[in-house]
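Trainee: got a sequence here, can you model it:
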Amino acid sequence: MDLLQNVFAMLYQFGDTFAFLVISCAGLAVIFGMMGVINLAHGEFIMCGAYVTASAARAGLPLPVAILTGALVAGAVGMLVERMVIRHLYHRPLDSIIATWGISLIATQGVLIVLGSTMQGIGTPLGSIEVGSRSYSLYRLVLMVCALGLLGGLYLLFYHSRFGVIARATIQKPHMAHALGVNTGRMYGLTFGLGAALAGLAGGLYAPTMTMVPTMGATFIVESFVTVVVGGADIFVGAAPAAAILALIKAGLTAWYGQLFGQIGLLVTVILVIRILPGGLSGWLKGTTR
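Mentor: Numbers count the residues shown, from 1 in each chain. Purely as a prediction, here's the structure:
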């Protein structure tokens, strides 16, 4: 019985970490992995989604509707930021780093001044289940399903829809897409807005599990960048295996040595991948299938 409890605990920890990595990196994978914009304000888009979700839920909206509201508001803010700032910085990575870092600082300090150092959160729904002497959150299981659904949904959107084909063509060959009549500026804005909305969705999904503070985005950003860098440029080929490998490393080290060693394991992994596989897992996987 103890063995089964330990196995279930490990699988649960792995699934929880896998879900966190996939959900938190999805928006960054679109903006950084596909568009090449190093978005240091990714955590603030997540914070935006979380704050809007908590506010909407407290106003009486059902939690799923509140989460979607948070994602839509973050996406709208992202499109505004792209229109006013990011649009002028494509193919200027150093400038985009400084600009998004500035946006991050402005957003964090602005929320701190306007809303205070903390915000009333919402309780974790669905309760828990007992396995032996241990208790596990059912909502975390829902997040695991959401992570798989998110991967499938993004794959269908970018590979089996007209929007996805045009978006990928615009990002890869903008001059050719423009010559063929595509409104490339609009597509850049929509794609950046989608990435921001996915970040807001991450914040909304994890809002019931976290303390609402202006700096809550920092909890997500390291894992997000690590997953995207390990996965490589093709988010659909690299994101899932990268999240699975990193989740296994972090869950194992956390279970045996604690949270600190789990974080160190992620950072060591990304250093090794950059050194050995500069194209990430997606570059390596594509190379082996040629």
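Trainee: any weak-confidence spans in this structure?
Mentor: 1-2, 233-235, 286-290 (pLDDT under 70).
Trainee: what segments of it are strands?
Mentor: 128-131, 134-137 (DSSP state E).
Trainee: tell me what the first one is packed against?
Mentor: The elements that strand 128-131 packs onto, with contact taken as 3 or more CB pairs under 8 Å, 6 or more residues apart in numbering; DSSP states H and E, are helix 2-28, strand 134-137. Just so you know, the C-beta spots here come from the backbone N, C-alpha and C atoms, and that holds for glycine as well.
Trainee: before we move on, back to that, in JSON lines: the strands of the chain, plus distance to S55.
Mentor: Converted to JSON lines, those look like this (distance: least, CB to CB, whole Å):
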{"stretch": "strand 128-131", "distance to S55": "26"}
{"stretch": "strand 134-137", "distance to S55": "23"}
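Trainee: and of these, who's closest to F14?
Mentor: With CB to CB as the criterion, F14 lies closest to strand 134-137 of the strands of the chain, at 12.8 Å.
Trainee: sorry, back to before: any idea which of the helices and strands packed on strand 128-131 is most buried?
Mentor: Of all the helices and strands packed on strand 128-131, helix 2-28 has the most neighbours on average by mean count of other CB atoms under 10 Å, namely a mean of 20.
Trainee: which strands and helices sit next to that one?
Mentor: Packed next to helix 2-28, using 3+ CB pairs under 8 Å, 6+ apart, are helix 42-58, strand 128-131, strand 134-137, helix 138-159, helix 184-206, helix 218-231, helix 235-257.
Trainee: taking helix 42-58 as reference, get the angle to the fifth one.
Mentor: Using axes from the mean of the first three to the mean of the last three CA atoms, to 10 degrees, the interaxial angle of helix 184-206 with respect to helix 42-58 works out to 60 degrees.
Trainee: now find how far off-centre helix 184-206 is within its chain.
Mentor: 10 Å (CA atoms, centre = their mean, to the nearest Å).
Trainee: can you dump the C-alpha atoms of it in PDB for me?
Mentor: Provided in PDB are the C-alpha atoms of helix 184-206 (Å, rounded to 0.1, in the frame of the first residue of the first chain):
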ATOM      1  CA  THR A 184       0.900  41.500 -42.000                       C
ATOM      2  CA  GLY A 185       0.600  44.200 -39.300                       C
ATOM      3  CA  ARG A 186      -2.800  42.900 -38.400                       C
ATOM      4  CA  MET A 187      -1.500  39.300 -38.300                       C
ATOM      5  CA  TYR A 188       1.400  40.300 -36.000                       C
ATOM      6  CA  GLY A 189      -1.100  42.100 -33.700                       C
ATOM      7  CA  LEU A 190      -3.500  39.100 -33.600                       C
ATOM      8  CA  THR A 191      -0.600  36.600 -33.000                       C
ATOM      9  CA  PHE A 192       0.900  38.700 -30.200                       C
ATOM     10  CA  GLY A 193      -2.600  39.200 -28.700                       C
ATOM     11  CA  LEU A 194      -3.100  35.400 -28.800                       C
ATOM     12  CA  GLY A 195       0.200  34.900 -26.900                       C
ATOM     13  CA  ALA A 196      -0.800  37.500 -24.300                       C
ATOM     14  CA  ALA A 197      -4.300  35.800 -24.000                       C
ATOM     15  CA  LEU A 198      -2.600  32.400 -23.400                       C
ATOM     16  CA  ALA A 199      -0.600  34.100 -20.700                       C
ATOM     17  CA  GLY A 200      -3.700  35.500 -19.200                       C
ATOM     18  CA  LEU A 201      -5.300  32.100 -19.400                       C
ATOM     19  CA  ALA A 202      -2.400  30.700 -17.400                       C
ATOM     20  CA  GLY A 203      -3.000  33.400 -14.800                       C
ATOM     21  CA  GLY A 204      -6.700  32.700 -14.700                       C
ATOM     22  CA  LEU A 205      -6.300  28.900 -14.400                       C
ATOM     23  CA  TYR A 206      -3.800  29.300 -11.500                       C
END
